[in-house]
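Student: Return a 3D structure for these sequence lines:
(one chain, ligands or ions: 2)
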Amino acid sequence: MLAAIRGPVLTYTGDPFEDGLERTMVYEPDAIVAMDEGVITHFGPAAQIKDVLPAGTEIRSYGSDALISAGFVDCHVHFPQTPMIASYGDQLLEWLNAYTFPVEQKFSDKAFASSVAKVFLRESLRNGITSACVFCTVYPQSVDALFEEAERLGMRLAAGKVMMDCNAPGALLDTAQSGYDESKRLIGKWHGRGRLLYAITPRFAGTSSRAQLEATGTLCNEHPDCFMQTHVSENKSEVAWIGELFPERKGYLDVYDHYSLCRPRAIFGHGIYLTEPEMQVMHRTGSAIAHCPTSNFFLGSGAFDLARAVRADRRVRVGLGTDLGAGTSFSMLATLNEAYKAGQLNNYALSAGHAYYLATRGGARAMYLDDRIGSIAPGMEADLVVLDMKSTPLIDYRMQFAKTFEEALFIQMMLGDDRAVQATYVGGKLVYARDTATPLAPPPLSASAASA
Ligand code: GUN
Ligand code: ZN
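Tutor: Ligands and ions are numbered 1, 2, ... in the order given. The predicted model follows:
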């Protein structure tokens, strides 16, 4: 049955980094978005669309203080790290040993994995994230747990079993052969089932032997329509360590490139210290970077230079990642806030228009999914977030002085958080409403109180 929502809409028809905001950003102050069977059927000014909708179509109006956008896309995140988000003190390699590896061992227990998957996806939806590319753990049952819950919610989600066969506790290790076999079985079970997609997931070069990277390349060649996700050049000590582990390679990225892992649908987390020749490889191979600013600041990793990555002569696809639990927030607005600061440290002021592009269509493009998600247009999948542009007393106050839409948008990304998310739609269904319970994803008790 056709359903429709009404309010101000922001979306993109192209890439503002390539063609400028004027030609790619669409702001419609009073629009209707209609959806049927999971797909957007109509989008345009309310005055026009009203008259073409079938008589009796129910229109839910969010009012002029709302902003309807395509759902946010989180290109890099670890669901098993939800229980240890905000763990004190260490930088990347020590943090992995102290906090990450211990918690990931608990995911051999399917029931525990399912309980975390529920919290993780609920929090994602509460923050307007409707699609993500997700690391699970080495245990196949942790992948089943996440996909089962994502399937119940109808989300377009990519995920995969982490492969790691060295330099981690024994309980977390697979082998080159078992990592390949188990990943292959999971691909057969989940890839292309409903909206779900598989991501082949070698954790990073530090925890995979040459034999495992070789087997991973074989798997990618056998399944070129799957994603490949890993980490690269996140932290200076990590980069130096990978240099010691693989002295025969030209650099960190060359380890992956050598084993055929640089390719379309390959998403590399972080990439802060990628060199100019490495950026050229990223560009030439159609690989993408997931920019994870809250994580990069939390672990003291560094400030990713976005402007350098998207340089016009060799543009690299970039999406945003929350990268929990090194990331400190599920909020895409908080992530944009930190992305702005990372830009400032590189003498680049990320505009709000460009920032929301990265959070939506840009992320979808990094994942080669921009023909299905990330923007609002007839034929696109109906994943939407409805923001409340006056979600806190301070934002409400500050908004009185906003003279332009872009200024209002910037205020949201600097001051907003989960309270700004009023509703989330997945496949045309309301899966989260801040102020009321929904059958699919009831909000936690504190949510409605926080938004008052
Ligand atoms: N590098 C290898 N594993 C991880 C991880 O779990 N998180 C982050 N931030 N970096 C990594
Ligand atoms: Zn990560």
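
Student: use CA for all of it now, contacts and neighbours both
Tutor: Noted.

Student: Show me what the longest strand seen in the chain is packed against.
Tutor: For the chain, the strand that runs over the most residues, judged by DSSP state E, is strand 25-36. Identification of packing neighbours for strand 25-36 by 3 or more CA pairs under 8 Å, 6 or more residues apart in numbering; DSSP states H and E yields strand 3-12, strand 39-45, helix 46-52.

Student: Note down every partner strand of that strand and its orientation.
Tutor: Sheet pairing of strand 25-36 (DSSP bridges) gives strand 3-12 (antiparallel), strand 39-45 (antiparallel).

Student: Looking at those strands, spot the one closest to ligand 1.
Tutor: With CA to the nearest ligand atom as the criterion, ligand 1 lies closest to strand 3-12 of these, at 29.6 Å.

Student: Quick one: distance of the next helix or strand after the closest one to the chain centre.
Tutor: Per DSSP states H and E, the first helix or strand lying C-terminal to strand 3-12 is helix 16-19. With CA atoms, centre = their mean, to the nearest Å as the basis, helix 16-19 stands 21 Å off its chain's centre.

Student: Pull up the residues of the stretch 251-400 of the chain that are close to ligand 1.
Tutor: When proximity is defined by CA under 6 Å from any ligand atom, the stretch 251-400 of the chain lies next to ligand 1 at Ala326.

Student: what sits against Ile373?
Tutor: Taking CA atoms under 8 Å, 6 or more residues apart in numbering, we find Ile373 in contact with Ala70, Arg361, Ala364, Met380, Glu381, Ala382, Asp383.

Student: can you do 7 Å?
Tutor: Counting by CA atoms under 7 Å, 6 or more residues apart in numbering, Ile373 makes contact with Ala364, Met380, Glu381.

Student: Against which helices or strands is the helix or strand containing Ala290 packed?
Tutor: Per DSSP H and E: Ala290 is located in strand 288-291. Applying 3 or more CA pairs under 7 Å, 6 or more residues apart in numbering; DSSP states H and E, one finds that strand 288-291 makes contact with strand 266-270, strand 317-320.

Student: which helices and strands does the longest helix along the chain pack with?
Tutor: Counting residues, the longest helix found in the chain (DSSP state H) is helix 110-126. Judged by 3+ CA pairs under 7 Å, 6+ apart, the packing partners of helix 110-126 are helix 140-153.

Student: Could I get the buried residue list for the helix it packs on?
Tutor: Using 16 or more other CA atoms under 10 Å as the test for burial, helix 140-153 gives 140-151, 153.

Student: Format these as TSV; extra columns: distance to ligand 1 and pLDDT.
Tutor: As requested, these are arranged in TSV below (distance: CA to the nearest ligand atom, whole Å; pLDDT from 0 to 100):
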residue	distance to ligand 1	pLDDT
Pro140	17	98
Gln141	18	98
Ser142	15	98
Val143	16	99
Asp144	19	98
Ala145	18	98
Leu146	17	98
Phe147	19	98
Glu148	22	98
Glu149	22	98
Ala150	21	98
Glu151	24	98
Leu153	25	97
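
Student: Show the contacting residues for Ala117.
Tutor: By CA under 7 Å, 6+ apart, the contact list for Ala117 reads Phe79, Ala145, Leu146, Glu149.

Student: Please look at the first one and Lys118 and confirm they touch.
Tutor: No. Checked against CA atoms under 7 Å, the pair Phe79 and Lys118 is beyond contact range at 9.8 Å.

Student: quick one, which of these two is more surrounded?
Tutor: Ranked by neighbour count (other CA atoms under 10 Å), Phe79 and Lys118 place Phe79 first, with 27 against 18.

Student: Contacts only, for the more buried one.
Tutor: Ala117, Phe120, Val134, Phe135, Cys136.

Student: The residue of the stretch 301-450 of the chain found nearest ligand 1: what's its closest spatial neighbour, skipping adjacent residues?
Tutor: Ligand 1 sits closest to Ala326 of the stretch 301-450 of the chain, with a gap of 5.2 Å, by CA to the nearest ligand atom. Leaving out its chain neighbours, the residue that sits closest to Ala326 by CA to CA, 6 or more residues apart in numbering is Ser295, at 4.8 Å.

Student: Confirm that neighbour sits in a helix?
Tutor: Yes. Judged by DSSP: H, G, I helix; E, B strand; the rest coil, Ser295 forms part of a helix.

Student: need the helices for the stretch 51-200 of the chain, in chain order.
Tutor: Under the criterion DSSP state H, counting those that start in this stretch, helices of the stretch 51-200 of the chain are mapped to 92-95, 101-104, 110-126, 140-153, 176-190.

Student: report the angle between the axes of the last one and helix 140-153?
Tutor: With axes from the mean of the first three to the mean of the last three CA atoms, to 10 degrees as the basis, helix 176-190 and helix 140-153 are set at 20 degrees to each other.

Student: buried stuff in stretch 216-230?
Tutor: Neighbour-count burial for stretch 216-230 flags Thr216, Gly217, Thr218, Leu219, Cys220, His223, Asp225, Cys226, Phe227, Met228, Gln229, Thr230 (criterion: 16+ other CA under 10 Å).

Student: what kind of secondary structure is the fifth one in?
Tutor: Translated: Cys220. helix.

Student: ok, now the last one?
Tutor: Recorded secondary structure, Thr230: strand (three-state DSSP).

Student: Look up the residues forming beta bridges with it.
Tutor: Beta-bridge partners, per DSSP bridges, of Thr230: Phe268.
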